[in-house]
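1. Just need the structure, nothing else, for what follows:
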Amino acid sequence: MAAGCSLSSLLSVQTQLDHSLQDAVSTEQKEKLVYEYLKKLDGRGQDLKVPEFEDGLEWLNTKSPLSLSKHLSGKVVVLDFFTYCCINCMHLLPDLHELEHEHSDKDGLVVVGVHSAKFPNEKVLENIKSAVLRYNVTHPVVNDADAKLWQELEVSCWPTLVILGPRGNMLFSLVGEGNKEKLFLFTAAALKFYTGKGEVKNNSIGIKLYRDALPPSILSFPSKVTTDSSGNRLVIADTGHHRILLVRKNGQLLHSIGGPKSGWKDGSFAESAFHSPQGVAMKNDTIYVADTENHLIRKIDLLEEKVSTIAGIGSQGTDKEGGATGLKQQISSPWDLALGTAGSNEDNVLWIAMAGTHQIWALFLEDGSLPKGCVVKKGTCIRFAGSGNEENRNNSYPHKAGFAQPSGLSVAQEEPWSCVFIADAESSTVRTMSLKEGAVKHLVGGERDPLNLFAFGDVDGAGINAKLQHPLGVAWNKQKGLLYVADSYNHKIKVVEPKTKQCATIAGTGEASNALGPAFTRAAFNEPGGLAVGENGRVLYVADSNNHHIKVLDLETQTVSVLPVTIEDAFVELDSSFPAQRKLPKLPKSSPQVPMSPLTVSSGQILQLELAVTLPGGTQLTEGAPSYWALSAEGSEWFLQGQCVYGDIVDLSRPLVISVTVPGRTQTPNAVLSVDVCLYFCSKDDSACMMKAVSFMQPMQIAKTNQVSTAKVLLKHHF
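-> Just a heads-up that it's a prediction; the model follows:
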């Protein structure tokens, strides 16, 4: 017999167990308490039954939608109510990974992620897919976009775990992070108890990982980007590949450091390892890295080609004060970095957006001082601002201010600013922190109530009238006196004039897509996460995370291009998360070949192939069908090594620009580049659908002289 239930029903039963466990000392005592609890709960005669998943929900990592009464019958199930923006939810994932490693579905345990979105952007399946890949989630995930199960169970916060017995009966709930011991205790006890009763089944539920259907890419979820002082070199946090790339401003690789596997290892570039690195900062020949999921700050010495750890213990810390040095100081999910000054020495501080504790910390690279003259020794890592409470609270006293998952930093050292600009993701605001006294002030977004973290939107305006949605990056343009904002969940780049607090969109359509425009107003992004200003304020680099690109915004010409990251003379080893090749359909033999006029190019030159194809009147692209472009160079495969050679076509209303870089080292003086285009389209009344293709053949002669200008080629065809 089953009873309708909510977490409040379970809480009244579980509270006594929680109190008893606080007094228990030994593991045996705790196991006995949990066993007696399960015995009593199971003997009540009425199960606290969880409602069935609704029909029609979208599922990931499974062969088909799962049912509690069918596929999950006979399983101990851990329901993880999460939203992918939430840092606390991210902190829980390693515990779930470890739990799944200890108990598989054949042992009777299944973890199911129930995605219950906070932001509108997080309700979209494609965005959840990106998060599942980014965080290496390998258990089933259901998109409960309308939060129906959340509401029926009266879940109140992220993350919440609900542990079910083999009949879909509620056994335990755990709220928030930091409950690893209880999670393992409860699940092991439930498996043992119900196995003893003969109710646990050892069948497989049919896992089919979403990541196995994806192609490889040169970059994987690049999260942050920065430039050196000369603007000639860029550092890219290639987060999904767990590595740091140093490239020239034309995209040519100089160093690949770490990857493709995650880990924590210091040493040479080849042997070093990171785990989902995010923020990067560079001074001369030193790169600093926020090694986010290792909870470390790393240092890359480009002269010695060595990686070392300069802060953190390698696991998530709970300290909200700091004050220790180096490997003695625990930290939590550092998300971004920025070099600055505190005291008399220039660039003596590494500012850290400590997303895990909702604070701004300072790592002193040289001796310095805090506001009010407190001297701090080199190597000290200390809380600078933020109480540790997740709030949108501004205050003249830095320790009384509150942040909500600060994720982006940029320093304006000069007067009259003398501040750190902060992208505070979960409050959907941009804030400032004074370098003189530490005062935290509002700039744009959010609202006045410091406890309201739901004041988000997409509105251009001034100060509090402007609205953002989970911004992850900021970049100060000293030359123009403007602040650029990666308004990540609105898929836009915005600009703020600090004097007037005016915030306006400069690029992005507001839809998650991948279009170069090339005009700003027609360019499209997908959760851009990091920004950097280059070329003396004339260029803005964008880490377009979910599109796996670094995009280049020319602020003078108002055009967008892709930085063609090229990896020459190196085998690009990809994580096992990604298959070796994407299988593209062959073009029909009847497809026309369009010969192009020969083109003279030079090593290092960028080719911009502008694809302008039109469909017959009365037809439109078939939504969801795999229309694509692909590059090849038969007999000259070296020409495309390390470059992006295919992409989806989702919009023909404007030309699509494909960027290719001529390799620095050429093997032959001639090559022929083929550009294949395959389109699926239907009549607008859907009465007929068809597939058509065309292949453009571009002969090239590679000159020895260098040409600085970009070569543009128009590829035009009407079907």
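2. In this structure Pro626 contacts Tyr680, no?
-> Yes - judged on C-beta atoms under 8 Å, Pro626 makes contact with Tyr680 at a distance of 7.0 Å. C-beta: built from backbone N, CA, C; applies to glycine.
3. So those two - more neighbours on which side?
-> Per other C-beta atoms under 10 Å, whichever of Pro626 and Tyr680 has more neighbours is Tyr680, with 19 against 14.
4. what about the more buried one, distance to Lys129?
-> In this view, Tyr680 and Lys129 are 21 Å apart by C-beta to C-beta, to the nearest Å.
5. Could you do Asp285 as well?
-> When Asp285 is compared with Lys129 (using C-beta to C-beta), they lie 39 Å apart.
6. okay, the two: which has more neighbours?
-> Lys129 (19 against 12).
7. That one should be in a helix, yeah?
-> Yes - Lys129: assigned to a helix according to DSSP: H, G, I helix; E, B strand; the rest coil.
8. Could you tell me how far it is located from Thr292?
-> The value you get for Lys129 to Thr292, if C-beta to C-beta is used, is 21 Å.
9. what do you get for Asn284?
-> 24 Å.
10. Neighbour count: the two, which is higher?
-> Ranked by neighbour count (other C-beta under 10 Å), Asn284 and Thr292 place Thr292 first, with 26 against 10.
11. Count residues in the vicinity of the residue nearest to the more buried one when sequence neighbours are not counted, would you?
-> What sits nearest to Thr292 in space, not counting adjacent residues and going by C-beta to C-beta, 6 or more residues apart in numbering, is Gln278, at 4.5 Å. Neighbour count for Gln278, taken as other C-beta under 10 Å: 28.
12. helices and strands around the helix or strand encompassing Gln278, which ones?
-> Following DSSP states H and E, one finds Gln278 within strand 277-283. Using 3 or more C-beta pairs under 8 Å, 6 or more residues apart in numbering; DSSP states H and E, the elements in contact with strand 277-283 are strand 224-227, strand 233-238, strand 243-248, strand 286-291, strand 334-340, strand 349-354.
13. And the fifth one, what's buried?
-> This means strand 334-340. Residues of strand 334-340 classed as buried: 334-340 (neighbour count, 16 or more other C-beta atoms under 10 Å).
14. Kindly report the same for the first one.
-> Residues of strand 224-227 classed as buried under the neighbour-count rule (16+ other C-beta under 10 Å) are 224-227.
15. In a markdown table, list those along with pLDDT and distance to Gln698.
-> A markdown table is the format used below for these (pLDDT from 0 to 100; distance: C-beta to C-beta, whole Å):
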| residue | pLDDT | distance to Gln698 |
| --- | --- | --- |
| Lys224 | 98 | 35 |
| Val225 | 98 | 30 |
| Thr226 | 98 | 35 |
| Thr227 | 97 | 32 |
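16. out of those residues, who's nearest Asp554?
-> Thr227 (14.9 Å; C-beta to C-beta).
17. Quick check: end-to-end length of stretch 456-464?
-> 11 Å (C-alpha to C-alpha, to the nearest Å).
18. how near is Leu631 to Val280?
-> Leu631 sits at a distance of 30 Å from Val280 (criterion: C-beta to C-beta).
19. Neighbour count: those two, which is higher?
-> Higher neighbour count among Leu631 and Val280: Val280, with 28 against 19, using other C-beta under 10 Å.
20. Provide a list of residues in contact with the more buried one.
-> With contacts defined as C-beta atoms under 8 Å, 6 or more residues apart in numbering, Val280 is in contact with 224-226, 235-237, 244, 287-290, 337.
21. same question, Asn61
-> Counted by C-beta under 8 Å, 6+ apart, Asn61 has contacts 132, 137-141, 207-210.
22. quick check, nearest of the contacts of Val280 to Asn389?
-> Looking across the contacts of Val280 and measuring by C-beta to C-beta, the closest to Asn389 is Ala290, at 22.0 Å.
23. Make sure that closest one is actually in contact with Ile352.
-> Yes - shown here, Ala290 and Ile352 form a contact pair, counting by C-beta under 8 Å, at 6.9 Å.
24. Which neighbours do the two have in common?
-> With C-beta under 8 Å, 6+ apart, Ala290 and Ile352 have common neighbours 279, 297, 334, 336-337.
25. Can you say which two of these are spatially most distant?
-> Longest span within these, C-beta to C-beta: Ile297 and Asp336, 11.5 Å.
26. How many neighbouring residues does Ser229 have?
-> Around Ser229 there are 9 residues (other C-beta under 10 Å).
27. quick one: it from Ala281, how far?
-> Look at Ser229 and Ala281: by C-beta to C-beta, they are 12 Å apart.
28. The strand holding Gln278 pairs with which strands, and in what direction?
-> Applying DSSP bridges to the sheet, strand 277-283 is found paired with strand 286-291 (antiparallel).
29. Many thanks, I have nothing further to ask.
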